[in-house]
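Asker: Output the structure for:
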Amino acid sequence: MVPRPAATVIVVRDGPHPIAPLEVLMLQRNLRADFVGGAHVFPGGGVDPGDGGPRTARLCVGLGDDAASATLGVASAGLAYWVAAVRECFEESGLLFACRADGTAISFADPGVAGRLAAQRAALNARERSFLEICESEGLFLAVGALHYFAHWITPVGSSRRYDTRFFVARAPEGQSPAHDVGEMVADLWVRPSDALERYRAGEMELILPTIENLQAIARFPTAQELLDAACAAGEIPTVLPRMVVVGGGVRLLLPGDPGYDAPDGPGEPGGSVEIDFDVAVRIASRAASSERTPRTSAAPVPGRAGRERRRRG
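Answerer: Got it, this is the predicted structure:
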């Protein structure tokens with residue numbers, strides 16, 4: 001199965017904490033969701049056809065398709081990932097990375113603007129209007145330059161649903177507050193990455209493996225600006241393709257660098273097969289990963305290390 005292109009944005013801000021104030025926006029998935037229901041995730045989803053093309057590119061500021069494609073290492077249409085991240089963030093959290101023609105950032109401080117865009121968001125989520133139509137009717141330009149490429153994950157071969165996901169980081173837009181949608185999500189919160197990980201280890205919050213690894217990566221930075229500076233300075237981003245292997249009749253997920261990852265048949269039974277409940281496999285692998293204190297798959301470099309320990313695949 002060919003993975004579907006997808007985009008996720010890790011929205012951050014500096015909270016009131018006197019030490020390491022960096023906070024990240026987390027959304028809780030509906031408990032009835034068909035995959036990892038109840039888990040806390042970052043805003044994101046699949047790249048839609050309307051996220052690309054010349055008409056959409058004309059509404060983007062801060063980044064063009066050539067530069068976006070080069071950053072992602074694709075031949076063309078890379079800008080669609082940025083647009084998808086902006087659109088999904090608006091759909092799921094209500095935060096909109098956009099500005100007027102004069103470069104003025106959108107603020108929801110004006111009740112009229114906030115109410116009108118809330119109605120537009122409801123129409124978007126109801127599939128009554130497209131994101132492009134909303135931007136054109138409101139005279140909005142997408143501030144794609146505010147999003148910085150951070151990580152790249154591909155769903156393992158063998159899963160029933162596969163995504164080729166690009167992760168971005170961005171500072172939360174000024175003058176806006178998140179409000180989760182009432183369909184896919186049931187809650188939103190700002191939380192320090194280290195606190196989210198501790199809550200997961202305590203069984204108080206459900207997280208999945210890519211979320212855990214990215215939380216561990218951003219937890220190294222005390223402030224939003226330090227994280228964004230590191231993301232801007234990052235070189236080639238490693239592709240993380242977890243591998244599902246059969247072990248004792250069950251399934252394990254291995255990351256690049258794990259023992260047995262590069263073995264022809266992995267550490268499990270050579271040529272073995274098993275009926276895989278991928279949702280269960282992800283939860284089990286995520287629980288195993290929760291004991292890690294440092295990320296094994298890092299995108300942004302730690303000052304002085306310059307990403308020397310990255311392992312690339314893809």
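
Asker: got the residue ranges for the helices in the stretch 201-314 of the chain?
Answerer: 209-218, 224-233, 278-289 (DSSP state H, counting those that start in this stretch).

Asker: hey, least reliable of these by pLDDT?
Answerer: Comparing mean pLDDT over those, the weakest stretch is helix 278-289, at a mean of 61.

Asker: The helix or strand where Trp190 lies pairs with which strands, parallel or anti?
Answerer: Using DSSP states H and E, Trp190 maps to strand 185-191. Strand 185-191 has the following strand partners under DSSP bridges: strand 22-29 (antiparallel).

Asker: which strands and helices sit next to the helix or strand just after the partner strand?
Answerer: Remark: after strand 22-29, the chain's next helix or strand is strand 40-41, criterion DSSP H and E. With contacts defined as 3 or more CB pairs under 8 Å, 6 or more residues apart in numbering; DSSP states H and E, strand 40-41 has these neighbours: strand 22-29. Placement of C-beta: from N, CA and C, glycine included.

Asker: Any idea how far the strand it packs on is from the middle of the chain?
Answerer: 11 Å (CA atoms, centre = their mean, to the nearest Å).

Asker: circling back: in the strand holding Trp190, what's buried?
Answerer: Met185, Val186, Asp188, Val191 (16 or more other CB atoms under 10 Å).

Asker: where does this structure have low pLDDT?
Answerer: Along the chain, segments meeting pLDDT under 70 span 31-37, 182, 246-251, 265-314.

Asker: which of the residues in stretch 64-77 are buried?
Answerer: Asp65, Ala68, Ser69, Thr71, Leu72, Ala77.

Asker: Just give me the neighbour total for the closest residue to Asp188 other than its chain neighbours.
Answerer: Leaving aside its sequence neighbours, Asp188 sits nearest to His180 (CB to CB, 6 or more residues apart in numbering; 4.1 Å). Residues lying near His180 (other CB atoms under 10 Å) number 21.

Asker: Equivalent analysis for the one 4 residues further on, please.
Answerer: When neighbours are counted by other CB under 10 Å, Glu184 registers 18.

Asker: wait, it sits on Glu92?
Answerer: Yes. Counting by CB atoms under 8 Å, Glu92 is a contact partner of Glu184 at 6.3 Å.

Asker: Contact partners for Arg171?
Answerer: Applying CB atoms under 8 Å, 6 or more residues apart in numbering, we find Arg171 in contact with Val11, Val12, Arg13, Ala146, Ala224, Leu228.

Asker: so Met205 sits right up against Gly38, yeah?
Answerer: No. Met205 is beyond contact range of Gly38, at 9.4 Å (criterion: CB under 8 Å).

Asker: the more surrounded of these two?
Answerer: The residue with more neighbours, out of Met205 and Gly38, is Met205; 19 against 14, by other CB under 10 Å.

Asker: For the more buried one, which residues are in contact?
Answerer: Met205 touches His40, Ala196, Arg199, counting by CB under 8 Å, 6+ apart.

Asker: and of those, the nearest to Arg87?
Answerer: Nearest to Arg87 out of the contacts of Met205 is His40 (CB to CB; 20.8 Å).

Asker: can you count the residues close to the closest one?
Answerer: 24.

Asker: How many neighbouring residues does the spatially closest residue to it that is not a sequence neighbour have?
Answerer: Closest residue to His40 apart from its sequence neighbours, by CB to CB, 6+ apart: Met26 at 4.3 Å. Using other CB under 10 Å, Met26 has 28 neighbouring residues.

Asker: Just to check, Met26 is in contact with Val191?
Answerer: Yes. Between Met26 and Val191 there is a contact under CB under 8 Å: 5.8 Å.

Asker: got the phi/psi numbers for Gly145?
Answerer: phi -70, psi -10 (degrees, to the nearest 10).

Asker: Please give me every residue in contact with it.
Answerer: Val61, Gly62, Leu63.

Asker: what do you get for Gly44?
Answerer: Ala6, Ala7, Thr8, Val9, Ala85, Glu88, Cys89, Glu92, Thr165, Phe167.

Asker: Of the residues you listed, which is the nearest to Thr239?
Answerer: Nearest member of these to Thr239, counting by CB to CB, is Thr165, at 10.5 Å.
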